[in-house]
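Novice: my questions concern the predicted model and sequence given below.
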Amino acid sequence: MAGPMQRRALMLAVVLGLAACAAGSGERVTLPDGSDALRWGDGPYGLVLVHEEGADAASWEPQALAFADEGMTVLAVEVGETGAIVAAIGHLRDEFGLERVAVLAAGSGSEAALAVGRDEPELIDQLILISATSQDVTDLGPFPKLFVASEGEAAAQIDAMAEQAPGDWNDVYLATGAASGRAIFDGERGAATLEVVLRRLAERR
């Protein structure tokens, strides 16, 4: 008989599989700065997704559906810039009354997320960075941080970032394989990484 972790992994695989067949389910919204975003869910915890260069908001669809299914209101920005991230957080606060908003950024999108974490740390409830190697994190706010990378990336740099970042709730997760950026969630092994991120978000939700 399957244990709780196996059942949850199966559920996530089903969610990801359904998402792959249901592209375009996010609702397009215009943010206060005039940029666009896609929205999923209407839960009591906010989450802003920031894609890497060469991707778009819709690339987050499978993960966004999983996050929304866990009780979050999810916004994936189309423009991976600081203004769009701040606008997305403001939209979740003003339109949905959400006091706490997390930011999850992948690859090059991490740079803009880090800028918000430095300049306006009070806006971020927690920060999850994927494949954000060689970034200066010493002047971030004390909010919780999770640094995610694959074993094929610069693991030592990720460990150093977690140690150097302010605050007492900083963790590292190394996924199997060599995927980078949002692709770290793809395939069978990606379900394990998604499970780690979901657990982390649930700790603050």
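Specialist: Looks like it arrived, so ask away. Numbers count the residues shown, from 1 in each chain.

Novice: now Glu33: how far from Arg93?
Specialist: Actually, residue 33 is Asp. It isn't Glu. 14 Å (Cβ to Cβ, to the nearest Å). C-beta coordinates here come from the backbone N, C-alpha and C atoms, glycine included.

Novice: whoops, Pro44 was the one
Specialist: Distance from Pro44 to Arg93, by Cβ to Cβ: 12 Å.

Novice: gap between Pro44 and Tyr173?
Specialist: With distances taken as Cβ to Cβ, Pro44 is found 25 Å from Tyr173.

Novice: and Glu111, helix, strand or coil?
Specialist: What DSSP: H, G, I helix; E, B strand; the rest coil gives for Glu111 is helix.

Novice: that one touches Asp136, doesn't it?
Specialist: No. Counting by Cβ atoms under 8 Å, Glu111 sits too far from Asp136 to count as a contact (10.2 Å).

Novice: out of the helices and strands in this protein, which is least certain?
Specialist: helix 4-21 (a mean of 45; mean pLDDT, DSSP states H and E).

Novice: next helix or strand past it?
Specialist: strand 27-30 (DSSP states H and E).

Novice: who touches that following strand?
Specialist: For strand 27-30, the external contacting residues (Cβ atoms under 8 Å, 6 or more residues apart in numbering) are Asp36, Ala37, Leu38, Arg39, Trp40, Leu75, His91.

Novice: cool, stretch 189-204 as well?
Specialist: Outside stretch 189-204, the residues within contact range by Cβ under 8 Å, 6+ apart are 5, 8-9, 12-13, 16, 45, 47, 63, 66-67, 70, 72, 100, 102, 104, 125-126, 128, 144, 146, 148, 171, 173, 175-177, 179, 183-185.

Novice: in strands only, show me the residues you listed.
Specialist: Among the contacts of stretch 189-204, the members found in strands (DSSP state E) are Tyr45, Leu47, Met72, Ala102, Leu104, Gln126, Ile128, Leu146, Val148, Asp171, Tyr173, Ala175.

Novice: against Ala66, how distant is the third one?
Specialist: For Met72, the distance to Ala66 equals 9 Å [Cβ to Cβ].

Novice: list the contacts for Thr138?
Specialist: Gln164, Ala165, Pro166.

Novice: which stretches of this structure have low pLDDT?
Specialist: Scanning the chain for pLDDT under 70 picks out the ranges 1-24.

Novice: 80 instead, please
Specialist: 1-24, 133-134, 154-155, 205 (pLDDT under 80).

Novice: before we move on, the earlier item: who has more neighbours out of Pro44 and Tyr173?
Specialist: More crowded of Pro44 and Tyr173, by other Cβ atoms under 10 Å: Tyr173, with 20 against 13.

Novice: wouldn't the more buried one be in contact with Phe147 here?
Specialist: Yes. Using Cβ under 8 Å, Tyr173 is in contact with Phe147, at 7.5 Å.
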